[in-house]
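Q: need a 3D model of the following:
(2 chains)
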Amino acid sequence: MTPRRTLATTGRVLTQIRHDPRTVGLLLVVPSLLIGLVAWLFSDTPVFQQIGPAMLALFPFIIMFLVTSITTLRERRSGTLERLLTLPLSKLDFILGYALAFGLLAVLQAGIAATFAVGVCGLEIEGSLWLLVAVAVADAVLGTTLGLLASAFARTEFQVVQFMPAIVFPQVLLGGIFIPRDQMPPVLEAISDWLPLSHAIDALNAVATGSEDDGYIAGQLLIVGAFAVGAVVLGSVTLRRRTP
Amino acid sequence: MVNYSSPAVQIAGLRVRRGRNVVLDGLDLELPRGGVTGLLGPSGSGKTTLMRAIVGVQTVESGTVTVLGADAGSAGLRHRVGYVTQLSSVYDDLTVRQNLVYFARVLGAPAGDVDRVIDETDLAAQAHDLVGSLSGGQLSRASLAAALLGSPELLVLDEPTVGLDPVLRVELWSLFRRLSDAGVTLLVSSHVMDEATRCDRLLLMRDGAILGDDSPAGLMAATGTTDAESAFLALIRHGVPS
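A: Here you go, the predicted model:
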């Protein structure tokens, strides 16, 4: 792995996205619009205050998962991945290059969404806004790495889109948005302990309510990070130079 | 270590299975350095599989493939072998130049290499066009340009002239000739038999086996034919002349 090749890949991915302003627009604006919709839907109730922080975790995660898995699949199917794997590009260069590029986009996306949620929708945050953005970014990176991993198991665009309900929805359902995790049936609570999104949502709630110290939040972030690293490692194992 | 005396490609007992089909079954082949070798045969004869094995992206069941003195696909070869697949293998949402700049960075190719390959493939006028807006001929030249970056010693080109008009095909073949004159070894597959006479050497392939391996003139003389297509038919009917 070399920084030059990783950064070249990041630059290339960002240039590709720059050529597609509609995608950039959707990436940056849609999460804020949806958060606004939820705030409006639950106006005059305390619900938005309860689930608003979790929404900040959800959108970057889901959108980055989708974008990454489809882009990587496109790379596999267009033959560019095969060309790259005959060149002196390491698999980690490829994956980290993507993770960096989409991570950068995630910083923008999460920054805009968090600012919008707090500034426009009136979400009250006890902790630091920076920490909120940091957790949302970690979440987007998690989505990116899981998307990379998922694309390895998909042969077609149809399959890759099916991974969204298969991998993302259970994490959303069990993440503690619909019902706090400690009120779930014990089996489901145990399962949710092993899902990375639960920890991201816990961290965001902790920042929002100021109920836990920074050490707790850092611990949750560490868990999310560990899942992201795990997905990168697994993803590079599934990326094979030789294929049948 | 670079061993210049070793052949460009040396294959022994290569066996490749794709799904349930054995595509190559015990194939042996030796390609010397230099010259343009044409790999001819109908679709499904195993040309692409053989090329993928040489480049080192094909899962191989058994046998050895040695390229430029090293194991096919080994890390040291990734600077020395250029490969163009039948897919365009360039990013259609980048310009020609942006594509080449990226691949040049990955290769660590010298500055100026991008301009050189743009000139060689005659793409200067399209350098700032998005690849997605190029014509078929321009697209295949853009893909070829990427393979020329870093001046590889061996170029493996899978059907580079497919779907091109005759003028472009002649231009591409003269580019192959110039590269060969500069010392590059080229392996070019085609199912257009009339391209055979442009090669220094022909490999005729059918059902995963190499039926003939000779110069175009030698092959026609041995089969008593006057063109590659008839030579190919004669080989299928009567087997390899001894």
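Q: get me the contact residues on chain B for chain A.
A: Residues of chain B found near chain A (CB under 8 Å from any CB of the partner chain) are B:17-19, B:55-60, B:73, B:75, B:78-79, B:81, B:83, B:85-94, B:98, B:102-103, B:105-108, B:130, B:146. C-betas here are computed from N, CA, C, even on glycine.
Q: how many neighbouring residues does residue A:221 have?
A: Applying other CB atoms under 10 Å in any protein chain shown, we find 19 other residues in the vicinity of residue A:221.
Q: the residues of chain B next to chain A in helices, which ones?
A: B:55, B:98, B:102, B:103, B:105, B:106, B:107, B:146 (DSSP state H).
Q: can you list these in a markdown table and add neighbour count and pLDDT?
A: Rendered in a markdown table, the data for those read as follows (neighbours: other CB atoms under 10 Å in any protein chain shown; pLDDT from 0 to 100):
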| residue | neighbour count | pLDDT |
| --- | --- | --- |
| B:55 | 28 | 93 |
| B:98 | 23 | 96 |
| B:102 | 25 | 96 |
| B:103 | 28 | 96 |
| B:105 | 19 | 94 |
| B:106 | 26 | 94 |
| B:107 | 22 | 92 |
| B:146 | 29 | 95 |
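Q: the residue of chain A found nearest chain B - how many residues pack around it?
A: Closest to chain B within chain A is residue A:79: 3.0 Å, counting by CB to the nearest CB. When neighbours are defined as other CB under 10 Å, residue A:79 has 17 of them.
Q: hang on, it packs against residue B:84?
A: No - between residue A:79 and residue B:84 there is no contact under CB atoms under 8 Å: 9.4 Å.
Q: hang on, the earlier thing: next, the nearest residue to the residue of chain A closest to chain B once chain neighbours are set aside: phi, psi?
A: Nearest residue to residue A:79, sequence neighbours excluded (CB to CB, 6 or more residues apart in numbering or on different chains): residue B:87, at 3.0 Å. The phi/psi pair for residue B:87 (degrees, to the nearest 10) reads phi -70, psi 160.
Q: same question, residue B:109
A: Per-residue torsions, residue B:109: phi -70, psi 150 (degrees, to the nearest 10).
Q: distance of it from chain A?
A: Distance, residue B:109 to chain A, by CB to the nearest CB, to the nearest Å: 10 Å.
Q: circling back: list buried residues within the residues of chain B next to chain A.
A: With burial judged by 16 or more other CB atoms under 10 Å in any protein chain shown, the buried subset of those is B:17-18, B:55-58, B:60, B:73, B:78-79, B:81, B:83, B:85-86, B:88-94, B:98, B:102-103, B:105-108, B:130, B:146.
Q: can you list the weak-confidence ranges in chain B?
A: Chain B contains residues with pLDDT under 70 at B:1-5, B:239-242.
Q: longest helix anywhere in it?
A: Chain B, longest helix under DSSP H: helix B:166-181.
Q: other SSEs contacting it?
A: Packed against helix B:166-181 by the contact rule (3 or more CB pairs under 8 Å, 6 or more residues apart in numbering or on different chains; DSSP states H and E) you find strand B:36-40, helix B:136-148, strand B:185-190.
Q: how about these, which one is nearest residue B:8?
A: Residue B:8 sits nearest to strand B:185-190 of all the helices and strands packed on helix B:166-181, at 4.3 Å, using CB to CB.
Q: paired strands for that closest one, with orientation please.
A: Strand pairing for strand B:185-190, determined by DSSP bridges: strand B:36-40 (parallel), strand B:154-158 (parallel).
Q: what would those look like in TSV with mean neighbour count?
A: Shown next, in TSV, are these (neighbours: other CB atoms under 10 Å in any protein chain shown):
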stretch	mean neighbour count
strand B:36-40	25
strand B:154-158	23
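Q: isn't residue A:176 right up against residue A:199?
A: No - judged on CB under 8 Å, residue A:176 makes no contact with residue A:199 at a distance of 9.9 Å.
Q: those two - which one has more neighbours?
A: Neighbour tally, residue A:176 and residue A:199, criterion other CB under 10 Å: the higher count belongs to residue A:199, 28 against 22.
Q: find the nearest non-adjacent residue to residue A:182, please.
A: Residue A:182 sits nearest to residue A:189 (CB to CB, 6+ apart), 6.7 Å away.
Q: verify the stated contact: that neighbour with residue A:176.
A: No - using CB under 8 Å, residue A:189 is not in contact with residue A:176, being 9.4 Å away.
Q: residues in chain A within reach of chain B, list them.
A: Applying CB under 8 Å from any CB, we find that chain A lies next to chain B at A:4-5, A:8-9, A:11-12, A:15-16, A:19-20, A:78-80, A:82-89, A:93, A:241-244.
Q: filter these down to the ones in helices?
A: Per DSSP H, these map to helices at A:4-5, A:8-9, A:11-12, A:15-16, A:80, A:82-86, A:93.
Q: most neighbours among those, which one is it?
A: residue A:83 leads those on contacts (other CB under 10 Å) with 26 neighbours.
Q: ok, now which ones touch the closest residue to that residue other than its chain neighbours?
A: The shortest distance from residue A:83 to any non-neighbouring residue, by CB to CB, 6+ apart, is to residue B:89 (4.3 Å). By CB atoms under 8 Å, 6 or more residues apart in numbering or on different chains, the residues touching residue B:89 are A:78, A:79, A:80, A:82, A:83, B:143, B:146.
Q: the first one: how many residues sit nearby?
A: Neighbouring residues of residue A:78 were enumerated by other CB under 10 Å; the total is 17.
Q: so it makes contact with residue B:87?
A: Yes - taking contacts as CB under 8 Å, residue A:78 lies within contact range of residue B:87: 6.1 Å.
Q: buried sites along the strand or helix carrying residue A:136?
A: Residue A:136 belongs to helix A:129-151 when assigned by DSSP states H and E. Buried residues in helix A:129-151, counting neighbours by 16+ other CB under 10 Å, are found at A:131-151.
Q: likewise for stretch A:212-219?
A: A:212, A:217.
Q: export that stretch as CSV, just CAs?
A: Written as CSV, here are the backbone C-alpha positions of stretch A:212-219 (Å, rounded to 0.1, in the frame of the first residue of the first chain):
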residue,chain,number,x,y,z
GLU,A,212,-22.9,10.0,29.4
ASP,A,213,-19.3,11.1,29.6
ASP,A,214,-16.9,11.5,26.6
GLY,A,215,-15.3,8.2,27.5
TYR,A,216,-18.5,6.3,26.8
ILE,A,217,-19.0,8.1,23.5
ALA,A,218,-15.4,7.4,22.5
GLY,A,219,-16.0,3.7,23.4
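Q: pull the residues that contact that stretch.
A: Against stretch A:212-219 from outside (CB under 8 Å, 6+ apart): A:127, A:131, A:135, A:203, A:206, A:207.
Q: could you export these as TSV, including distance to residue B:209 and pLDDT?
A: Output for the contacts of stretch A:212-219, formatted as TSV (distance: CB to CB, whole Å; pLDDT from 0 to 100):
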residue	distance to residue B:209	pLDDT
A:127	70	83
A:131	66	84
A:135	61	85
A:203	62	89
A:206	67	88
A:207	67	87
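Q: show me which of those residues is closest to residue B:236.
A: residue A:135 (67.4 Å).
Q: mind listing what that closest one touches?
A: So residue A:135 contacts A:56, A:57, A:200, A:203, A:204, A:207, A:217, A:220, A:221, A:224 (CB under 8 Å, 6+ apart).
Q: in which helix or strand would I find the first one?
A: Meaning residue A:56. helix A:47-77.
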